[in-house]
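Engineer: Just to be clear, the model below is a prediction. Sequence and coordinates:
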Amino acid sequence: MSTQDNDQQEHTPKNPLDRALKWLGDVASLLFVLTVLISFYEVMMRYVFNSPTIWVHETASFLGGMLFVLGGSYALATNRHVRVVLLYDSVSEHTRKILNLFHHVMGMVFAALMIYASYHMVQASWFSPLGGIHLESSGSAWDPDFPAYTKLFILIIFIVMFVQFLLHLIQEIIELRSDR
C-alpha cells in the first residue's frame with residue numbers, strides 16, 4: 001500500500017457519527033464563503049458608499065466561531081487532531097494503540113469537563129435568575145442573541161465529542177483485543 005493510500009485510509013471516518021460529522025463539516029465549510037462575501041459587502045458599503053452596516057461584523061464573527069467549534073469535532077472524525085508525531089511515529093503499532101487508548105480516555109475526561117462548564121454557561125445565557133427564558137445578547141446597536149446561540153452550540157459539540165471519543169475508545173479496545 002502506498003503512503004498516500006495509507007494516509008487516505010487513516011483519515012477516513014470509521015463510524016456513522018464520524019461520517020455524518022465529516023459531511024456536516026464539508027457542507028458547513030461553505031459558510032466561510034458566505035463570511036467572505038458579507039465581509040466584502042461591508043467593505044464596499046463602508047468605504048465606497050459611506051454607509052456601514054451594523055450586522056456584518058457580528059454575523060461574520062458568529063459564523064466563524066461556529067465553524068471553529070465544529071472544527072474540533074471534524075478533526076476528531078477525520079483523525080487529523082494534534083498529536084506529537086515525532087513520538088507517535090517512532091513507536092510500534094501496539095504502542096500506538098495504547099497511546100490512542102490514553103488519548104481517547106483523556107479526550108472523554110476533557111469533553112466531560114467542558115460539558116459541565118458549558119452547561120453552566122448555557123444556563124446563565126438562556127435563563128433569567130427567576131427561571132424564565134431570556135437569551136443573552138451582544139449588547140451592540142444591532143443586539144442579536146448570538147452569544148446565547150454560540151454557548152448552546154459549544155455545549156452540543158462537546159456532547160458530540162464525548163460520544164465520538166467513547167466510540168473511538170470502544171473501537172480501539174476491539175482492535176487491541178483482536179491483535180492478541
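Structural biologist: Nice, I can see it.

Engineer: Find the residue closest to N100 in space, skipping its chain neighbours.
Structural biologist: E172 (4.9 Å; C-beta to C-beta, 6 or more residues apart in numbering). Using the backbone N, CA and C atoms, a C-beta is placed for each residue, glycine as well.

Engineer: Please list all residues in contact with that neighbour.
Structural biologist: By C-beta atoms under 8 Å, 6 or more residues apart in numbering, E172 lies in contact with K97, N100, L101, H104.

Engineer: From those residues, which land in helices?
Structural biologist: K97, N100, L101, H104 (DSSP state H).

Engineer: what's the burial count for A112?
Structural biologist: 15 (other C-beta atoms under 10 Å).

Engineer: Double-check that it belongs to a strand.
Structural biologist: No - applying DSSP: H, G, I helix; E, B strand; the rest coil, one finds A112 to be helix, outside a strand.

Engineer: Okay, it and D179: tell me how far apart.
Structural biologist: Look at A112 and D179: by C-beta to C-beta, to the nearest Å, they are 28 Å apart.

Engineer: Looking at the contacts of E172, which is nearest V36?
Structural biologist: H104 (35.7 Å; C-beta to C-beta).

Engineer: The closest one touches V163, doesn't it?
Structural biologist: No - checked against C-beta atoms under 8 Å, the pair H104 and V163 is beyond contact range at 11.6 Å.

Engineer: Looking at those two, which is more packed in?
Structural biologist: Legend: neighbour count by other C-beta under 10 Å for H104 and V163, higher for H104 (21 against 15).

Engineer: Apart from its neighbours in sequence, what residue is nearest the more buried one?
Structural biologist: L169 (3.8 Å).

Engineer: tell me which element the nearest residue to G107 once chain neighbours are set aside falls in.
Structural biologist: Excluding its sequence neighbours, the residue lying closest to G107 (C-beta to C-beta, 6+ apart) is F165, at 4.0 Å. Using DSSP states H and E, the element containing F165 is helix 146-178.

Engineer: do you know how far the one residue sitting closest to the centre of the chain is from F102?
Structural biologist: Most central in the chain under C-alpha atoms, centre = their mean is L70, positioned 2.6 Å from the mean C-alpha point. Applying C-beta to C-beta, the value for L70 to F102 is 25 Å.

Engineer: Would you mind listing the buried residues in stretch 161-179?
Structural biologist: Of the residues in stretch 161-179, M161, F162, Q164, F165, L166, L167, H168, L169, E172 count as buried by neighbour count, 16 or more other C-beta atoms under 10 Å.
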